[in-house]
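Student: sequence? don't have it. structure:
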């Protein structure tokens, strides 16, 4: 077992809060238990542990992520896996060869607290670095059988601001406009709302043009900060 993985598990055990743990599990509707370690405390732990245990190859990084993920006994271990997968020190390892790793985390995670940070960070990073290949892949994911791949495709540009490729965003939204899935409707509204900070008029135009297909939830989310126009 990689020393980093051992350190993560030991630190979570030592920081465990048996009062918070069931509350966190209930809030996330998780079948996997929690240790009860708050998000700020997790960030502090990851910072210290990742600094103390460097991973010198892409294979070592991938193996540590998958060990934390696949063998997790508590949900915070999977949060550590996501943090390690996204860590700036290992940006050089996040090439297209890492895509199967991120896909596994998305498909097997299958819940918003796992999927969203992967979609908006590593996937978005790959999109910036390999735009031609990633645009093709995200358009395919937007029509996948797996709902979480669809959500990831919609959210991949969430932090792109003026660099948002609207054609790609709309191509990822379009196959999901008629979906009754809450998490897809929410993702559509969130992606549009985020872009409204950059171009409110364009989001208002899009919502008006697709009002007959957008769910009320998507419309509310999209226009939350800008109004109907």
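Tutor: On my side now, so go ahead. Because the structure is a prediction, the values reported are computed rather than measured.
Student: Tell me where the chain has helices.
Tutor: Counting by DSSP state H, the chain has these helices, from start to end: 3-15, 20-28, 39-52, 58-70, 75-86, 99-109, 112-118, 124-129, 131-141, 147-155, 166-173, 182-196, 200-209, 216-222.
Student: Out of those helices, which gets nearest to residue 92?
Tutor: Comparing the helices of the chain against residue 92 with Cβ to Cβ, the closest turns out to be helix 58-70 (8.0 Å). Where C-beta positions appear, they are placed from N, C-alpha and C, glycine not excepted.
Student: got the angle for the closest one vs helix 39-52?
Tutor: Interaxial angle of helix 58-70 relative to helix 39-52 (axes from the mean of the first three to the mean of the last three Cα atoms, to 10 degrees): 150 degrees.
Student: Save the helices of the chain as TSV, and put in mean pLDDT, mean neighbour count and distance to residue 92 too.
Tutor: Below are these laid out as TSV (pLDDT from 0 to 100; neighbours: other Cβ atoms under 10 Å; distance: least, Cβ to Cβ, whole Å):
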stretch	mean pLDDT	mean neighbour count	distance to residue 92
helix 3-15	98	18	17
helix 20-28	98	14	32
helix 39-52	98	14	15
helix 58-70	98	19	8
helix 75-86	98	24	13
helix 99-109	98	18	15
helix 112-118	98	20	18
helix 124-129	98	17	11
helix 131-141	98	16	17
helix 147-155	98	25	23
helix 166-173	98	18	25
helix 182-196	98	22	28
helix 200-209	97	16	35
helix 216-222	97	19	36
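Student: Outline the domain layout of the chain.
Tutor: 1-93, 131-229 (automatic domain parsing).
Student: got those as CSV, with distance to residue 113 columns?
Tutor: Below are these laid out as CSV (distance: least, Cβ to Cβ, whole Å):
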stretch, distance to residue 113
domain 1-93, 6
domain 131-229, 11
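Student: Identify whichever of those lies nearest to residue 117.
Tutor: With Cβ to Cβ as the criterion, residue 117 lies closest to domain 1-93 of the domains of the chain, at 5.5 Å.
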